[in-house]
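Colleague: Structure for this input, please:
(chains A and B)
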2 protein chains.
Amino acid sequence: MKPTLAFVGVGRMGANMARRLKDQGHVVTAVFDRHAPAARELAAEIGARACATLAEVTAAAEIVFTVVTDDAAQRAVFAAEGDSLLVGAAGKTFVNCATISPAVHVEIETAAARVGAATLEACMASSIPQARAGTLYLMCGGDPAVFERLRPLLAELSDGGKLLRYIGPAGTAGQVKALVNMVMNINTAALAEGLGLGVALGLDPKMLLEVFSQTGANSRVVATDGEDMIARSHDCYFSAAHAAKDSGIAFALGEQLGLDLPLAAATKAQYDRLVALGLGEIDKSGVAELTFPGRKGAGLTR
Amino acid sequence: MKPTLAFVGVGRMGANMARRLKDQGHVVTAVFDRHAPAARELAAEIGARACATLAEVTAAAEIVFTVVTDDAAQRAVFAAEGDSLLVGAAGKTFVNCATISPAVHVEIETAAARVGAATLEACMASSIPQARAGTLYLMCGGDPAVFERLRPLLAELSDGGKLLRYIGPAGTAGQVKALVNMVMNINTAALAEGLGLGVALGLDPKMLLEVFSQTGANSRVVATDGEDMIARSHDCYFSAAHAAKDSGIAFALGEQLGLDLPLAAATKAQYDRLVALGLGEIDKSGVAELTFPGRKGAGLTR
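Modeller: Numbers count the residues shown, from 1 in each chain, chains lettered A, B, ... in the order given. Sure, this is the predicted structure:
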């Protein structure tokens, strides 16, 4: 029999993962979100219960996915005292999908082990449409035995397992995710500079995008963000504020290790600048607002 | 009948273009290089004449390719006085393949027109193996009629024309080339930071490279430069000094236009740093020497 599932944090990523697993024949028994209406709405849609406490979530399922926003939120749902997923958690398994500091994954693995629960770090290097389609790139960290036990379930989120990777001990998947996002954010800021300078020179940005895609300038973000930069279509898949946060995680790791990472620093500064302009909630492609002549968010419809 | 061809500047790019066109049944009548032995060697190999003067080159061929190193070299071969390709140039066509400032292409088009010669800017966004194989990405600028006349010839250098693009008036292809290299150099420096930080964290860089290639961090340079960065294999296809020069061209264009391009600036600074360390002649992948822990060129075999 398939294990019962629950979701904590049902923003667009968590909600779409829950929908996908329900489509695949899994039973999602419980959902929880600090924003109660989001939980109630999803619960009604997929036939789950919207729980009032975290302890109820743990009681209601064998495997609990957490898809929360940051270190503080992740620590809060695994609190040592008061309402917590750790209450009555012996024998349960937690799959933690938030992009958080690698050290927090280790903390939570230790805290869960103390009450007899297992955890797996499952970092997602993809976005909302991939969550819904079950084609997430999933990088996992933790006990290899826990990973193997969860493999069939996680395969249903990751194109039959083709996009599923075991990276190493808890925290290592988060490190790799931070590096992926650091490099992606730099490439995004680079594309914004190339297109912005092209437009300033009077070149056709669509022609430039085609040339970039066929030469050494090509990158994944040419395909995912190029048209959006030209059209100023910054509907949010991955927000500028998230990009600032993730570049910050990687940059802080570099600083701790005494590495000089000037590109990561310049990119973090660009995303911090977007946030300071009040544009933190537009998509990361919005970094083009800083490099296309005369933009800086002016006249942007939001 | 096929037009007779000549080459001025027979470094590895120019020489391989000449070899490719000879293989395709063209007659290369003359070659010239400031470094005379390079010209003599290639002349002997392909049955051309190594000319002692530029005027002889113009006299010997209908179409002359120039593949020189920089603005100064390009201006020197088209000098207004003394030995010059412009001597006796009425009716001749010059195809200028160097990566130079866009404004110099315009200058030379004007000077050539004055003596009744045609010019075409043909910027190459590819490297030495592609020159030899006839699979160069060629971006052209100038008079559209000149481009159309040369199309069959240029197609033999650009995969049957599949990689041949007309961009616009003289200078515009060089602008696009500068943008391509600017973005490519940033992506290269970004990859070096991602892999360097990964190694500092104790992660396997080959695993990282695989993950980068499958996620939002992917770029053309992941495939072309990643393994070389890990192995410190910096045989030169595109030198760090060239990268510094090209990033400098784009950055200067941005400054003239009042654009803020912090990533281009940070990347130029990295390549300038490599040159200052005496590493200007290693490949652009050598930027990893600045970001992998403990490298900085130490113990590098050259």
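Colleague: How many neighbouring residues does A:Arg295 have?
Modeller: 17 (other CB atoms under 10 Å in any protein chain shown). Every C-beta, even on glycine, is put in place using the N, C-alpha and C of the backbone.
Colleague: same deal with A:His234?
Modeller: When neighbours are counted by other CB under 10 Å, A:His234 registers 26.
Colleague: Next, it: secondary structure please.
Modeller: The three-state label given to A:His234 by DSSP: H, G, I helix; E, B strand; the rest coil is coil.
Colleague: What residues does it make contact with?
Modeller: The contact partners of A:His234, taken as CB atoms under 8 Å, 6 or more residues apart in numbering or on different chains, are A:Asp228, A:Ile282, A:Asp283, A:Ser285, A:Gly286, A:Glu289, A:Leu300.
Colleague: A:Leu203 versus the closest residue to A:Val287 other than its chain neighbours, what's the distance?
Modeller: Residue nearest to A:Val287 in three dimensions, not counting chain neighbours: A:Ala192, with 4.7 Å by CB to CB, 6 or more residues apart in numbering or on different chains. Here the criterion is CB to CB, to the nearest Å. By it, A:Ala192 lies 15 Å from A:Leu203.
Colleague: likewise A:Thr69?
Modeller: With distances taken as CB to CB, A:Thr69 is found 39 Å from A:Leu203.
Colleague: So between the two, which is more surrounded?
Modeller: Taking other CB under 10 Å, A:Thr69 and A:Leu203 do not tie; A:Leu203 has more neighbours (19 against 16).
Colleague: Pretty sure that one sits against B:Gln175.
Modeller: Yes. Between A:Leu203 and B:Gln175 there is a contact at 6.3 Å, judged by CB atoms under 8 Å.
Colleague: where in chain A is pLDDT low?
Modeller: Where chain A drops to pLDDT under 70, the residues are A:301-302.
Colleague: Can you give me the domain assignment for it?
Modeller: Using automatic domain parsing, the domain ranges for chain A come out as A:5-169, A:175-290.
Colleague: wait, does the first one make contact with chain B?
Modeller: Yes. Looking at domain A:5-169 against chain B by CB under 8 Å from any CB of the partner chain, the contacts come from A:Ala125, A:Ser126, A:Tyr137, A:Met139, A:Leu163, A:Arg165, A:Ile167, A:Gly168.
Colleague: Tell me who's in contact with A:Met17.
Modeller: Residues near A:Met17 by CB under 8 Å, 6+ apart: A:Phe7, A:Phe65, A:Val67, A:Cys97, A:Ala131, A:Leu136, A:Leu157.
Colleague: With A:Ala43 instead?
Modeller: By CB under 8 Å, 6+ apart, the neighbours of A:Ala43 are A:Val31, A:Arg49, A:Ala50.
Colleague: which of those residues has the most neighbours?
Modeller: A:Val31 (30 neighbours).
Colleague: and it, which of the three is it?
Modeller: Under the three-state scheme (three-state DSSP), A:Val31 adopts strand.
Colleague: Which residues are in contact with it?
Modeller: Contacts for A:Val31 (CB under 8 Å, 6+ apart) come out as A:6-8, A:10, A:18, A:39, A:42-43, A:46, A:48-51, A:57.
Colleague: In the sheet, which residues pair with it? Tell me.
Modeller: A:Phe7, A:Ala50 (DSSP bridges).
Colleague: From A:Thr93, how far off is it?
Modeller: Using CB to CB, A:Val31 is found at 17 Å from A:Thr93.
Colleague: now do A:Ile128
Modeller: Taking CB to CB, one finds A:Ile128 at 25 Å from A:Thr93.
Colleague: and these two? which has more neighbours close in?
Modeller: Using other CB under 10 Å, the more surrounded residue of A:Ile128 and A:Thr93 is A:Thr93, with 20 against 16.
Colleague: who's in contact with that one?
Modeller: A:Glu62, A:Ile63, A:Val64, A:Ala117, A:Ala118, A:Thr119, A:Leu120, A:Val146, A:Arg149, A:Leu150.
Colleague: Write down the beta-bridge partners of it, one by one.
Modeller: A:Ile63, A:Ala118.
Colleague: for the helix or strand that contains A:Tyr166, packing partners?
Modeller: A:Tyr166 is part of strand A:164-168 when elements are defined by DSSP states H and E. On a contact count with 3 or more CB pairs under 8 Å, 6 or more residues apart in numbering or on different chains; DSSP states H and E, strand A:164-168 meets strand A:138-142, helix A:144-155.
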